[in-house]
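1. predicted model, plus sequence, below.
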Amino acid sequence: MSAHLNLQTDVKKQHTVPRFLLENFGFDGGSKYKRLHTFDKQSGRSYQQTVFDATTRNVFYNLDNHPDKASLEPILGVYETETAPILEKLIKTKNLTTLTDEERVKIATFVAVQRARSYGELLRIYSMLDVVAEKLEAIGATPDQIANELGAPESSERKNSFLSLILNQQSAIEHILSKAWLLYETDENNPYYISDSPVTLHNSIDTQGYGNLGLAVKGIQIHLPISPTLTLAFTCPSIAEQAINARVQVIELQRSAPHLLKMFKKPQGLIDFCNAYVQGVPKMQHPENVKFLNSLQVKFGEQYVYCNKNDFSLVEQMLIDDEKYKIGMRAQVN
């Protein structure tokens with residue numbers, strides 16, 4: 001990144017999810033910009049809008065009260081410019097082995113920064129600070145003491161601290177690079193959603209009340225949809241190890257005791273899952289698997305969910321089942 005990058009910008013309408021990524025999920029609406037089917041979780045309605053208008057917030061990345069009106073927007077633009085052609089290549093080749101080490105670093109950087117830069121992440125941080133403030137107040141801290149330590153609600157200090165965190169992602173980048181990478185694929189009839197907080201986390205391991213969504217936690221799975229038919233995943237190496245061991249078992253049983261294959265629900269699926277890790281080829285997903293990944297977009301999305309098809313039945317059902325999904329994920333502080 002150039003040391004002489006101008007950190008001032010005249011861009012008022014700033015995307016919290018890059019336009020190049022949203023365009024992958026858009027369709028031709030007969031105008032200058034592609035269009036997106038959009039579901040607003042808070043109003044419960046769906047409509048179309050252009051990718052130019054989606055996920056925008058005015059001067060969102062501008063530092064509050066900065067004398068030179070500095071902004072992160074130019075820096076984020078560099079990350080986007082570096083990553084867009086790499087993801088485009090990945091969508092065309094559908095093979096992770098085509099990525100160079102440098103390209104993997106750029107993707108990991110993009111994913112870490114994207115997770116940190118969303119409006120939902122800002123609100124998650126605010127929510128966590130509010131909970132901490134309540135606990136401090138409960139043990140006798142004064143409002144002035146709390147504001148001095150945490151910043152006042154909606155203050156410039158809190159907003160600027162959030163902006164500084166966006167660029168402080170080296171640890172997250174290293175964690176993503178250490179994961180086992182794979183591609184999930186679906187067909188055009190069952191497309192992936194993308195939301196205004198598109199980097200999602202999942203962990204099947206129950207940590208008995210302790211948080212299990214940290215980037216370094218065993219069993220963590222990180223997902224980023226990159227097109228309606230491809231999702232890029234970064235999983236705990238232990239999951240890849242299990243997949244490799246399962247393939248060894250299936251192949252051995254095919255050779256020596258095929259009648260025992262019935263102990264596996266989908267033996268060929270286990271082989272395909274391992275191949276996705278080892279060969280870099282996509283793992284084709286069943287509709288239920290697609291539904292699960294889309295449910296993560298609904299859970300993490302702060303307000304908006306997008307699709308290239310006007311089918312948001314999953315979002316509607318999730319909101320009926322639990323109104324907490326009207327907003328994004330919130331950190332739990334014990």
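-> Ah, there it is.
2. tell me the buried residues in stretch 159-177?
-> By neighbour count on 16 or more other Cβ atoms under 10 Å, the buried set for stretch 159-177 is Lys159, Asn160, Phe162, Leu163, Ile166, Gln169, Ala172, Ile173, His175, Ile176, Leu177. For glycine as for every other residue, the C-beta is placed from the backbone atoms N, C-alpha and C.
3. at which residues are the strands of this protein located?
-> 13-15, 35-40, 45-50, 56-58, 180-185, 194-195, 200-203, 220-227, 230-235, 283-284, 304-307 (DSSP state E).
4. and the pLDDT for Ser161?
-> Here the pLDDT value assigned to Ser161 is 90.
5. what's the neighbour count on Arg104?
-> Per other Cβ atoms under 10 Å, the neighbour tally for Arg104 reads 15.
6. enumerate every residue touching it.
-> By Cβ atoms under 8 Å, 6 or more residues apart in numbering, the contact set of Arg104 is Leu177, Trp181.
7. next one: Arg45
-> Phe39.
8. so how far is Val17 from it?
-> Applying Cβ to Cβ, to the nearest Å, one obtains 20 Å for the distance of Arg45 from Val17.
9. distance-wise, check the spatially most central residue of the chain relative to Ile107.
-> The centroid of the chain falls nearest to Val199 when counting by Cα atoms, centre = their mean (0.4 Å). Going from Val199 to Ile107 by Cβ to Cβ gives 12 Å.
10. count the residues that sit near Met318.
-> Counted with other Cβ under 10 Å, Met318 comes out at 20.
11. got any ranges where the stretch 1-150 of the chain has weak pLDDT?
-> 1-4 (pLDDT under 70).
12. redo that, cut-off 50
-> Within the stretch 1-150 of the chain, the stretches with pLDDT under 50 are 2.
13. which residue ranges of it form helices?
-> Counting by DSSP state H, counting those that start in this stretch, the stretch 1-150 of the chain has helices at residues 19-23, 73-93, 101-117, 119-138, 143-150.
14. please put the alpha-carbon coordinates of the third one into CSV.
-> In CSV, the C-alpha atoms belonging to helix 101-117 read as follows (Å, rounded to 0.1, in the frame of the first residue of the first chain):
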residue,chain,number,x,y,z
ASP,A,101,0.5,-17.5,-1.6
GLU,A,102,0.3,-13.7,-2.2
GLU,A,103,-3.3,-14.0,-3.4
ARG,A,104,-4.2,-16.0,-0.3
VAL,A,105,-2.8,-13.3,1.9
LYS,A,106,-4.9,-10.7,0.0
ILE,A,107,-8.1,-12.7,0.3
ALA,A,108,-7.4,-13.3,4.1
THR,A,109,-6.8,-9.6,4.5
PHE,A,110,-10.0,-8.7,2.7
VAL,A,111,-12.1,-11.2,4.7
ALA,A,112,-10.7,-10.0,8.0
VAL,A,113,-11.2,-6.4,7.1
GLN,A,114,-14.7,-7.1,5.8
ARG,A,115,-15.7,-8.7,9.0
ALA,A,116,-14.5,-5.7,11.0
ARG,A,117,-15.9,-3.0,8.7
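15. residue contacts, the residue of the chain most remote from its centre?
-> Outermost residue of the chain with respect to the C-alpha centroid, by Cα atoms, centre = their mean, is Ser256; its distance is 42.8 Å. For Ser256, the contact set (Cβ under 8 Å, 6+ apart) is empty.
16. next one: it from Gln249, what distance?
-> Taking Cβ to Cβ, one finds Ser256 at 11 Å from Gln249.
17. count the residues that sit near the closest residue in space to Asn212 that isn't next to it in sequence.
-> Nearest residue to Asn212 in three dimensions, chain neighbours excluded: Asn203, at 4.1 Å (Cβ to Cβ, 6 or more residues apart in numbering). Asn203: 17 surrounding residues under other Cβ under 10 Å.
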